[in-house]
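Colleague: Everything below, folded, please.
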Amino acid sequence: MIRILFFFAIVLFPLYINAQFADTIRNKKFITNAQLVSVGYTNILDTYLSQEKYTGIELRYISHTIREHEGSPWSRLLMHQGSLSSVESRSGDGHEFGGMYTFTYGLHYNWKFLSGKLTIRAGGQADVNIGFLYNTRNSNNLAQFRLGLNISPSAAMAYRFRIGKHWSALNYDISVPLLGIRFSPNYGQSYYEIFNKGNYDHNVVPTTIVSTPSLWQLLTFDFTLHKTTFRLGYLGDFEQAKVNHLKYHNYSNTFVIGIVRQFNLTKIIP
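Modeller: Sure thing, here's the model as predicted:
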């Protein structure tokens, strides 16, 4: 009898362990991360610094991450963007240098069609940006400081298909700022008056789609070569604002190239 019980114990114990282990698996995550660099043409106008439009080159780095959970229709977007621009006036005797960092957090609901090949996301996101614009020709207003927050409805589409043995994808992302808040000096007001004298003059400005009609869109194509997935595409970032009797725009059209990586993470709870 003891031998029989011992035999069943040996046979059943591994099955029990496997069942317990299967029950501990939770929160399987799917992460898609793209590390991108874009370069292209930009057009900048800031009437606080100059009435002239300045054109030139923009270089931008983008980290674009989508996080999904198994069994959940929701996904999260985390994006970092850092850009540098060098522009000049039409006459060539004036130059401006700018920089901007933007962090984006988005939450989207996902719909899947065509047996999972087509994914459509829709939701909203918050964008926080900080930057500067420096004019080399000015003697009074040398630079403009930028700080703002935007709430934007956003959407995305991803269509996966095969080319030979590998999967490829066509992606499109779009967002339009709806509401926000931004820092801006008033017309004729210097930064010395704001920060040294403490003269507040409507410098924290609520914004809407009327005062800041803007658009951000990214169209890309993913393809695989030698087990590495590359991403090529176009980025159009068109930002406009009219606050405190000052006008600003930054129109960027850039070419995008980078690498895409996918991870599956499984959290195991003992």
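
Colleague: Every contact and neighbour count from this point should use C-alpha atoms.
Modeller: Will do.

Colleague: The stretch 51-200 of the chain: strands as residue ranges?
Modeller: Taking DSSP state E, counting those that start in this stretch as the test, the strands found in the stretch 51-200 of the chain are 53-69, 74-88, 95-113, 118-135, 143-163, 166-175, 179-183.

Colleague: Next, the angle from the third one to strand 143-163.
Modeller: On the basis of axes from the mean of the first three to the mean of the last three C-alpha atoms, to 10 degrees, strand 95-113 is oriented at 40 degrees to strand 143-163.

Colleague: would you turn the strands of the stretch 51-200 of the chain into CSV with distance to V260 and mean neighbour count?
Modeller: As requested, the strands of the stretch 51-200 of the chain are exported to CSV (distance: least, C-alpha to C-alpha, whole Å; neighbours: other C-alpha atoms under 10 Å):
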stretch, distance to V260, mean neighbour count
strand 53-69, 9, 19
strand 74-88, 14, 19
strand 95-113, 19, 18
strand 118-135, 17, 18
strand 143-163, 14, 18
strand 166-175, 11, 17
strand 179-183, 31, 18
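
Colleague: which stretch among the ones you listed comes nearest L265?
Modeller: Of all the strands of the stretch 51-200 of the chain, it is strand 53-69 that lies closest to L265, at 9.5 Å by C-alpha to C-alpha.

Colleague: and L45, that one's in a strand?
Modeller: Yes - inclusion of L45 in a strand is indicated when DSSP: H, G, I helix; E, B strand; the rest coil is applied.

Colleague: Of all the strands of the stretch 51-200 of the chain, which one is nearest F263?
Modeller: Among the strands of the stretch 51-200 of the chain, the nearest to F263 by C-alpha to C-alpha is strand 53-69 (9.6 Å).

Colleague: The closest one pairs with which strands, and in what direction?
Modeller: In the sheet, strand 53-69 lines up against strand 25-46 (antiparallel), strand 74-88 (antiparallel) (DSSP bridges).

Colleague: Dump the strands of the stretch 51-200 of the chain to CSV, plus distance to Q189 and mean pLDDT.
Modeller: Conversion of the strands of the stretch 51-200 of the chain to CSV gives the following (distance: least, C-alpha to C-alpha, whole Å; pLDDT from 0 to 100):
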stretch, distance to Q189, mean pLDDT
strand 53-69, 21, 97
strand 74-88, 24, 98
strand 95-113, 20, 98
strand 118-135, 17, 98
strand 143-163, 12, 96
strand 166-175, 32, 96
strand 179-183, 13, 97
